[in-house]
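[1] need a 3D model of the following:
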Amino acid sequence: MPSLSPELAQQNPERFGFELIGGLKDRSVYGSHLWDAVVSANLINEDSLHVDSKTWGSRSNAQRGEIHLGAGAFSEQQREQFIFNQADISYEDEVTLRLLHELGHLFEAGRITADSELMQDLLRTTRAVRSVNQNLGLSAIGSLSFYGADMKFREDAAELTSMYTFDPSYLKNFLGYVNKAESTPLLNSVGIATIPGHGDELFKLVENTIQEGIVS
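    All right, here's what the predicted structure looks like:
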């Protein structure tokens with residue numbers, strides 16, 4: 001399996017996208033299952049993934065069934081801001097998490113269409129966390145200033161989805177950190193709230209929501 005790199009994204013974005021999708025099963029625990037679930041819902045296909053090496057910014061559109069994936073590497077400051085345990089995350093992991101985040105948005109759209117009460121519960125939870133914490137949420141991405149209130153909690157849900165599908169233990173460790181009151185200063189500085197006493201409950205909600213949608 002060829003290594004993913006910013007250089008490959010620049011020189012051959014189509015090959016980069018092909019290798020990224022093809023290697024999901026090796027780079028993340030449930031990534032390929034998430035991809036398959038979104039494909040089965042007719043929300044994406046390989047031809048609808050567009051790689052842009054000039055930016056790290058990414059976006060997805062469920063109505064058009066496409067993802068525009070930024071393959072530019074984060075700066076060290078951005079890695080510290082956006083990536084939990086960033087020292088253990090390689091560039092390949094970074095772009096895998098980025099793709100899984102965008103798939104998380106499409107997964108949400110598919111589960112809403114399927115009338116998933118679990119997905120509704122997850123969205124209600126991420127919205128409630130921001131409501132009671134002065135708009136601090138469960139992801140640094142969701143706290144970026146250009147997201148409106150109607151999107152911030154959805155960004156949080158997509159980020160939790162990406163972390164779980166990357167590796168459930170990665171999300172569990174993150175929520176264990178978020179579960180500690182002593183983590184508040186550092187987390188608040190990047191727009192994340194602490195939720196002492198609720199980490200395990202939130203992990204189970206995310207797990208059940210994803211497993212409901214990726215297991216046929």
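[2] from now on I want contacts and neighbour counts done on CA atoms only, so please keep to that.
    Will do.
[3] identify the spatial nearest neighbour of residue 51, chain neighbours not counted.
    Sequence neighbours aside, residue 69 is the residue nearest to residue 51 in space, at 4.9 Å (criterion: CA to CA, 6 or more residues apart in numbering).
[4] residue contacts, that neighbour?
    Taking CA atoms under 8 Å, 6 or more residues apart in numbering as the criterion, residue 69 is in contact with 49-52, 56-59, 98-99.
[5] same deal with residue 51?
    9, 13-14, 16-17, 68-71.
[6] out of those residues, which are inside helices?
    Among those, the ones falling in helices (DSSP state H) are 9, 13-14, 16-17.
[7] what's around the closest residue to residue 68 other than its chain neighbours, how many residues?
    Among residues not flanking residue 68 along the chain, residue 50 sits closest, at 4.8 Å (CA to CA, 6+ apart). Residues lying near residue 50 (other CA atoms under 10 Å) number 18.
[8] sorry, back to before: any chance of the contacts of residue 69 in JSON lines, with pLDDT, secondary structure and distance to residue 89 too?
    Putting the contacts of residue 69 into JSON lines (pLDDT from 0 to 100; DSSP: H, G, I helix; E, B strand; the rest coil; distance: CA to CA, whole Å) gives the following:
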{"residue": "49", "pLDDT": "96", "secondary structure": "strand", "distance to residue 89": "23"}
{"residue": "50", "pLDDT": "97", "secondary structure": "strand", "distance to residue 89": "23"}
{"residue": "51", "pLDDT": "97", "secondary structure": "strand", "distance to residue 89": "20"}
{"residue": "52", "pLDDT": "96", "secondary structure": "strand", "distance to residue 89": "21"}
{"residue": "56", "pLDDT": "96", "secondary structure": "coil", "distance to residue 89": "16"}
{"residue": "57", "pLDDT": "95", "secondary structure": "coil", "distance to residue 89": "18"}
{"residue": "58", "pLDDT": "96", "secondary structure": "coil", "distance to residue 89": "19"}
{"residue": "59", "pLDDT": "95", "secondary structure": "strand", "distance to residue 89": "21"}
{"residue": "98", "pLDDT": "98", "secondary structure": "helix", "distance to residue 89": "12"}
{"residue": "99", "pLDDT": "98", "secondary structure": "helix", "distance to residue 89": "15"}
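[9] ok so, going back, considering the contacts of residue 51, which possesses the most neighbours?
    Neighbour max across the contacts of residue 51 (other CA under 10 Å) = residue 71, 32 neighbours.
[10] doesn't residue 50 make contact with that one?
    No - with contact defined as CA atoms under 8 Å, residue 71 does not count as touching residue 50 (9.9 Å).
[11] tell me who's in contact with residue 99.
    Counting by CA under 8 Å, 6+ apart, residue 99 touches residue 69.
[12] ok, it to residue 117 distance?
    Note on residue 99: its distance to residue 117, by CA to CA, to the nearest Å, is 25 Å.
[13] quick one: the helices in the chain?
    Using DSSP H, helices in the chain cover 6-11, 13-22, 24-27, 31-40, 76-82, 91-113, 117-132, 149-166, 168-178, 184-189, 199-214.
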